[in-house]
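Peer 1: Predicted model and sequence follow; I will ask about them next.
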Amino acid sequence: MAKEVRLPQLGQTMEEGTIISCMVKIGDEVKKGDVVFEIETDKATLEMESPADGFVKHILTELDETLPVGTPLMVLGDKDEEVPQSFLDSLNGGAPAAEAAPSVPAAEPAKLEPKPAKPAGKVKASPRAKKLAKELGIELTAVTGTGPAGKITEQDVKEAAVKPATVAVAPQSVLRTAAEAKLGATIPVNRRQKITAQKMLQSKCEIPCFYLTVKADVTDLVELRAKLNETSPAPPRGGVKISYNDFIIRAVAIGLQKFPIMTGQLEGDTIKLADTINIGLAVSAPKGLIAPVVKDAHKKDVKQIATATKALIEKAQNEKLLLTDLEGACITVSNLGAFGIESFIPIVVPGQCSILGVGRITDTCIPDNGNIVVRKLMSLTLSVDHKIADGAYASQFLDFVRKLLEDTSTFE
């Protein structure tokens, strides 16, 4: 019996996904649990598994197409089964279809020939095709669809656009990374960059922020970190190197326990506090900045946090993060110290109350009982949603975090 395979909701906040690769072709046999597509969401690239056994009869999507959750992607059936056109039409109409009646095996598998898109009535087109047509001013009713059941694809729109006039379309060879960028180049923006831009604009429009900055004397912390890393077994024998971020996440987690309003979000006339303390850590990944989340950070010591962050960073750099690795943070830590940045003002992530920007550690001369001593100082800048916390409360939180970083007994 023919059955459709639809785009599942792979995370609590997932609303749509982009098809970046298809692991099967028409005629292939798949088993339940086999990976059939790679899906990119606004947070991660995920593997989509087949929900059932069967043979691939039709693939209803194309690469780089962005689709809402629940969209039919593929049709599975028995080996010699012919899938009726009415079944495919019902899928393209958007409503879930009942299972098709079994067909009589033919000598050769029937092939579904693409049908031209109908010039009147509801036009069948992919979301990306609709978006491109709107941008280029192309009437979809005048475009002939070559996709399944006459569905208009993004490529159909591009071809329609270049017939009357030449339209500049970025070639595949366009440079895609900042490291390779050259003056005069046109660089396409990937999905993650687009989503990041949307969220940052949303933050600036909807979150009234204020900003607090302190400098923490981390001289003793620097010594403690060196000591712990010297005595820790070298990887891969179970040891893990502790970074400054691990100490900061630990201090922030303790601080959020003492100042829980800093975990909140405004819901109508109330502030909903987080059930647990999950802390995001901004990480540079191949497709752009991403912030995987250390779950239950308040229940972990520094070494456990170090183990968690190491695993998350490796997954981020290999594009293996799951949506569960990216959800639920109530604050984010962003450290640009490795780039020589002494201080900066980070932008609050929508859905969180604040974000902590961490600068590099600098040797600084400071007065001490009439003498001048050199101490290691680190700048901390906290951006705060004023809808949730006021200046006095957030200042106490940041000062408490500073004191924790300066007192190494916090981490012993």
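Peer 2: Here it is on my side, so go on.

Peer 1: Just say helix, strand or coil for residue 193.
Peer 2: Of the three states, residue 193 takes helix according to DSSP: H, G, I helix; E, B strand; the rest coil.

Peer 1: For the closest residue to it other than its chain neighbours, name its beta-bridge partners.
Peer 2: Once flanking residues are discounted, residue 193 sits nearest to residue 288: 5.3 Å by Cβ to Cβ, 6 or more residues apart in numbering. C-betas here are computed from N, CA, C, even on glycine. On the basis of DSSP bridges, residue 288 is bridged to residue 285.

Peer 1: got the contact list for the closest residue in space to residue 34 that isn't next to it in sequence?
Peer 2: Excluding the flanking residues, the one nearest residue 34 by Cβ to Cβ, 6+ apart is residue 50, at 4.9 Å. With contact taken as Cβ atoms under 8 Å, 6 or more residues apart in numbering, residue 50 is in contact with 5, 30-36, 76.

Peer 1: which parts of the strand or helix carrying residue 309 are buried?
Peer 2: Secondary structure from DSSP states H and E places residue 309 in helix 302-317. For helix 302-317, a neighbour-count test (16 or more other Cβ atoms under 10 Å) marks 302-310, 312-313, 315-316 as buried.

Peer 1: For residue 31, grab the count of nearby residues.
Peer 2: 10 (other Cβ atoms under 10 Å).

Peer 1: So it is in contact with residue 55, correct?
Peer 2: No - applying Cβ atoms under 8 Å, one finds residue 31 not in contact with residue 55, separated by 10.9 Å.

Peer 1: Strands of the stretch 201-350 of the chain, residue ranges please.
Peer 2: 209-217, 265-267, 270-272, 279-281, 283-285, 288-290, 293-294, 331-335 (DSSP state E, counting those that start in this stretch).

Peer 1: So for residue 198, which of those strands sits nearest?
Peer 2: strand 288-290 (13.1 Å; Cβ to Cβ).

Peer 1: just how off-centre is the closest one within its chain?
Peer 2: With Cα atoms, centre = their mean, to the nearest Å as the basis, strand 288-290 stands 8 Å off its chain's centre.

Peer 1: State the mean pLDDT of that strand.
Peer 2: Averaged over strand 288-290, pLDDT sits at 85.

Peer 1: What distance do you get for the closest residue to residue 324 other than its chain neighbours to residue 349?
Peer 2: Residue nearest to residue 324 in three dimensions, not counting chain neighbours: residue 11, with 6.8 Å by Cβ to Cβ, 6+ apart. Shown here: residue 11 relative to residue 349, a distance of 16 Å by Cβ to Cβ, to the nearest Å.

Peer 1: re earlier: by neighbour count, which of the contacts of residue 50 wins?
Peer 2: residue 76 leads the contacts of residue 50 on contacts (other Cβ under 10 Å) with 24 neighbours.

Peer 1: Just to be sure, that residue is in a helix?
Peer 2: No - read with three-state DSSP, residue 76 is strand and lies in no helix.

Peer 1: could we number from 28 for the rest of this?
Peer 2: Sure thing, new numbering starts at 28, so read that last one as residue 103.

Peer 1: need the contact list for the closest residue to it other than its chain neighbours.
Peer 2: Nearest in space to residue 103, with sequence neighbours left out and distances taken as Cβ to Cβ, 6+ apart, is residue 81 at 3.1 Å. By Cβ under 8 Å, 6+ apart, the contact set of residue 81 is 30, 56-57, 103-105.

Peer 1: again with residue 298
Peer 2: 288, 291-292, 415.

Peer 1: Selecting buried members of the residues you listed in ChimeraX, what would you type?
Peer 2: A single ChimeraX command selects the buried members of the contacts of residue 298 (16+ other Cβ under 10 Å):
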select :291,292,415
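
Peer 1: what two of the contacts of residue 298 are the furthest from one another?
Peer 2: For the contacts of residue 298, and using Cβ to Cβ, no pair is farther apart than 288 and 292, which are 10.6 Å apart.

Peer 1: Between these two, which contacts overlap?
Peer 2: Contacts common to residue 288 and residue 292, judged by Cβ under 8 Å, 6+ apart, are 298, 380, 415.
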